[in-house]
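*Asks:* Provided below for reference: sequence and predicted model.
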Amino acid sequence: MPKLIDLFWKLDKPSTKWSGYFDVYERHVSKFIGKSPRILEIGVYEGGSLELWHKYFGEGTKVVAVDIDPKCLEYKYDFDVEIVLGDQADRNFWKDFFDKHGKFDIIIDDGGHQMQQQIVTLEECFNHLNDGGIFVTEDTHTSYWRSFNTDGNSFMQYAKGTVDIPTQQFYEGDDNRFPDLYN
């Protein structure tokens, strides 16, 4: 089985991925190799990652991608890929999208990286994973950039809050520390 990073360096179309992502991806998504997974990737950029997923997972892989940039609709592939024009921060878009496209095995948010985009995408897409599916939000470091976190509600804070909810029964201390959980 080829390593994801080796495939990445041989792509025909450009892609950007932080080098630390490859081992994490392989650890969590390799179970889908050769199993014709359905993949949703938010954020197309120049199209290389769509090629990457097809080469990594093999024949029968279905990739659906969402991007706000109309130029992405011009990209051509010799495998099963569909590019859909849409705004990841638009909840109505997601309702229509999932009515048409159903569930996925892997959902990757590599879109706009603004806090509201990442939060809406997680909220609207997570329940559209098949059992045993994987949801990945890339570039969460933007939670620490003032220019991407203008209202003080970062994706990282939001994600931690969602983890706190099922584990709140184990919290010992002042209930006022997590007011949203106890009111």
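*Replies:* Perfect, thanks for sending it.
*Asks:* So which bits of the helix or strand V120 falls within are buried?
*Replies:* Assessed by DSSP states H and E, V120 sits inside helix 115-125. Residues of helix 115-125 classed as buried by neighbour count (16 or more other C-beta atoms under 10 Å): 115, 117-122, 124-125. (Glycine included, C-beta is placed from N, CA and C.)
*Asks:* Show me what that helix is packed up against.
*Replies:* Counting contacts by 3 or more C-beta pairs under 8 Å, 6 or more residues apart in numbering; DSSP states H and E, helix 115-125 packs against strand 38-42, helix 91-101, strand 104-109, strand 129-137, helix 155-167.
*Asks:* Include distance to K71 when you put these into CSV, please.
*Replies:* Converted to CSV, these look like this (distance: least, C-beta to C-beta, whole Å):
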stretch, distance to K71
strand 38-42, 16
helix 91-101, 19
strand 104-109, 20
strand 129-137, 24
helix 155-167, 26
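*Asks:* what sits against S36?
*Replies:* By C-beta atoms under 8 Å, 6 or more residues apart in numbering, the residues touching S36 are 57-62.
*Asks:* Mind checking which of the residues you listed land in strands?
*Replies:* K62 (DSSP state E).
*Asks:* Out of the contacts of S36, the closest to L50 would be?
*Replies:* Checking those against L50 with C-beta to C-beta, the nearest one is T61 at 9.9 Å.
*Asks:* What about that closest one, how many residues nearby?
*Replies:* 24 (other C-beta atoms under 10 Å).
*Asks:* swap in Q114?
*Replies:* By other C-beta under 10 Å, 18 other residues sit near Q114.
*Asks:* Spatially nearest residue to it, not counting backbone neighbours?
*Replies:* Closest residue in space to Q114, ignoring its immediate chain neighbours: F148 at 5.6 Å, by C-beta to C-beta, 6 or more residues apart in numbering.
*Asks:* ok, that neighbour to W53 distance?
*Replies:* 26 Å (C-beta to C-beta, to the nearest Å).
*Asks:* No further questions, thank you.
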